[in-house]
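> whatever this is, show me its structure:
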Amino acid sequence: MALPALALVPGRAVGRVHLVDDPLAWSSDRDGGGDVLSLPSLWWPPGEPLPAGARAVLLQGVPETIRADEVVVPTLAGVDADLLREGETVAVDGDAGAFRIDGVEEIEVVTVFLQRSDGAILLLQRSDRVGSFQGHWAGVSGFLEDPTPIDQALREVREETGLGTDALRVAAAGTPVLARDGAKVFVVHPFRFRADRTDVRLDWEHTRAEWVDPSEIRRRPTVPKLDRVWSAVAPQAVPKA
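Alright, predicted model coming up:
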């Protein structure tokens, strides 16, 4: 699969990543050009023409405006810089709103936050028997194997906590969050379920379960980008009158 992003300018291109850290020096000065520029959306749209060797642009975040008529290379937004490595080859599809990183495996997973009536969410500490991130805290999670992410989410909750559909209500489903770990990029499908029961029964994948305030996510060692996954499904704050 290709990694999802927000399409801003159509077209397709392949090039080598250049992580731009200076708004006045966008060119990597590599022989032959062929750069895919990664830069903050705050620098967009550009105030002057892109370097001659630029083949595509991957923006970190989403710009407030885009003057598509002044940009002639495929452009995607919402691509975190930590997903990319300097010099690796990337294929950009500005028509479909997607990109692929050469040599990197894309893995789809689900993460579910169970939330009880007082707003607390369930965090689980991963055991030393799982294949990755042992000892880290996470929501209910698993590889996408069922036909749809929601089917997988319900199955993971049942297997990892013992709670069935009679004790759950789907509260939110969020846009996928991308998290890189070496030569893998996890495409995380986020969910938030309201739990009518809190008597969870852990399986071998976890050693501890705690109901905590969501702010606790940032205070613990967690699987990559768990805070971003929570933000994708967190209840929206009600503005004060």
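> make it CA atoms for all contacts and neighbour counts henceforth
OK.
> if I pick the spatially most central residue of the chain, what's in contact with it?
Nearest to the geometric centre of the chain sits Val177, at 1.8 Å (CA atoms, centre = their mean). Neighbour list for Val177: Phe186, Val187, Val188, His189, Pro190, Lys225, Arg228, Val229, Ala232 [criterion: CA atoms under 8 Å, 6 or more residues apart in numbering].
> is it in a bridge, and if so with what?
Per DSSP bridges, the residues bridged to Val177 are Val188.
> quick one: end-to-end length of stretch 4-17, please.
Using CA to CA, to the nearest Å, the end-to-end distance of stretch 4-17 comes out at 17 Å.
> how about stretch 92-104?
End-to-end distance of stretch 92-104 (CA to CA): 14 Å.
> distance between it and the chain's centre?
Offset of stretch 92-104 from its chain centre (CA atoms, centre = their mean, to the nearest Å): 15 Å.
> if we look at that stretch, which residues are touching it?
With CA under 8 Å, 6+ apart as the criterion, stretch 92-104 contacts 2-14, 56, 74-76, 84, 88-91, 183-185.
> only whichever of the residues you listed are buried, select them in ChimeraX.
Selecting only the buried entries of these in ChimeraX, with 16 or more other CA atoms under 10 Å as the criterion:
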select :2,3,4,5,6,7,8,9,10,11,12,13,14,56,74,75,76,84,89,90,91,185
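> host element of the nearest residue to Arg208 once chain neighbours are set aside?
Distance criterion CA to CA, 6 or more residues apart in numbering; nearest residue to Arg208, sequence neighbours excluded, is Gln125 at 5.2 Å. Here Gln125, judged by DSSP states H and E, is contained in strand 121-126.
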